[in-house]
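Q: Give me coordinates for this.
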Amino acid sequence: MLLPSSVNTTMTQQSVLSELLDRLKSEPCSYLSGCDLQHEGDRPQNLYYIQSGWVYAYVMLADGQRQILYLYQPGDIAGLSDVGMDRISCSLVSLSDCVVHAIPMKHVVSSQVLTPGVSVHLLQKSAEVQSCLMRTLVAIGRMTARQRVVWLILMFQDKLHQRHMVANIVDVPFNQSELGDLIGLTNVSVSKVLCDLSNEGFIERKGSQIRLRRRSDLEEMIHYHAIRRLAPFRGKLESTSTY
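A: This next block holds a predicted model:
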């Protein structure tokens, strides 16, 4: 997850990724909304750096239902959980039109590419995903439907680095059915909770946007703690041969 951070932090991260992509000669590939990038059960071949747009990971359950696991945004790297695995753990699909760089795993694990700067950056990105998944597990396993929706709204605002952060506006990229697939609810339950929160004055809805009118009250409702991250590694990539 690319969380709210300083300009210098973002520039440091981008410099590490830019040098990595250049070293691997990775070319961007454009996808329309709804395109599959990889399928659960296949053999892992690539990591995916999201340059623009949205991509989400999901698995299909035995009863045919879908469980959405994670939403990747620009700056994220998908597929880190599959490094060293025999099979891919989840499918990836584009939620919107997007531009993605495929990074061959065989190159990433090479000692010529896996410099200290790259290693720490990939470790941080992997830890961000793990932290969010742990929070999702708690929400789905221990919260009521109302609490899950509140958690999801607050998490989206923290995670997606909204341009309207000061105005407490969240641009939600999922529709209500997809929101339900993320937190284990039906779209009817999601709709009811959103309506209740709106009628009670906690939020204001307009299309895909949600304005948080009483964020502190929502945080208190579920004992929510905002996502924070430490300063990233600021070293330079080592000079190595290119591919």
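Q: okay, now the domains of this protein?
A: Taking automatic domain parsing as the reference, the chain has its domains at 13-138, 143-222.
Q: Pick out the shakiest of those domains, pLDDT-wise.
A: Mean pLDDT per stretch puts domain 13-138 lowest among those, at a mean of 86.
Q: follow-up on the earlier one: is it possible to get a markdown table of the domains of the chain that adds mean neighbour count?
A: Backbone N, C-alpha and C define where each C-beta goes, glycine included. Below are the domains of the chain laid out as a markdown table (neighbours: other CB atoms under 10 Å):
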| stretch | mean neighbour count |
| --- | --- |
| domain 13-138 | 16 |
| domain 143-222 | 17 |
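Q: what's the distance between residue 106 and residue 47?
A: Distance, residue 106 to residue 47, by CB to CB, to the nearest Å: 11 Å.
Q: what's the answer for residue 65, then?
A: Computed as CB to CB, the residue 65 to residue 47 distance reads 28 Å.
Q: Double-check that residue 29 belongs to a strand.
A: Yes: according to DSSP: H, G, I helix; E, B strand; the rest coil, residue 29 belongs to a strand.
Q: Please enumerate the strands of this structure.
A: Ranges of strands in the chain, per DSSP state E, are 28-31, 36-38, 46-52, 55-60, 66-72, 77-78, 91-94, 98-104, 169-171, 203-206, 209-212.
Q: contact partners of the fifth one?
A: So the one you mean is strand 66-72. 48, 50, 54-61, 78, 90, 92, 95, 129, 132-133, 136, 159, 173-174, 178, 181-182, 184 (CB atoms under 8 Å, 6 or more residues apart in numbering).
Q: Confirm for me that residue 37 is in contact with residue 50.
A: No: if you go by CB atoms under 8 Å, residue 37 and residue 50 don't touch, sitting 9.9 Å apart.
Q: what do those two both touch?
A: 78, 100.
Q: in the protein, which spans are helices?
A: 7-23, 105-108, 116-142, 145-159, 176-183, 187-199, 215-222 (DSSP state H).
Q: Now distance to residue 168 too, for these, in TSV please.
A: Below are these laid out as TSV (distance: least, CB to CB, whole Å):
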stretch	distance to residue 168
helix 7-23	22
helix 105-108	38
helix 116-142	20
helix 145-159	7
helix 176-183	19
helix 187-199	14
helix 215-222	6
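Q: coming back round to it: now distance to residue 225 too, for the strands of the chain, in JSON lines please.
A: Shown next, in JSON lines, are those (distance: least, CB to CB, whole Å):
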{"stretch": "strand 28-31", "distance to residue 225": "35"}
{"stretch": "strand 36-38", "distance to residue 225": "32"}
{"stretch": "strand 46-52", "distance to residue 225": "26"}
{"stretch": "strand 55-60", "distance to residue 225": "24"}
{"stretch": "strand 66-72", "distance to residue 225": "20"}
{"stretch": "strand 77-78", "distance to residue 225": "25"}
{"stretch": "strand 91-94", "distance to residue 225": "29"}
{"stretch": "strand 98-104", "distance to residue 225": "30"}
{"stretch": "strand 169-171", "distance to residue 225": "17"}
{"stretch": "strand 203-206", "distance to residue 225": "20"}
{"stretch": "strand 209-212", "distance to residue 225": "16"}
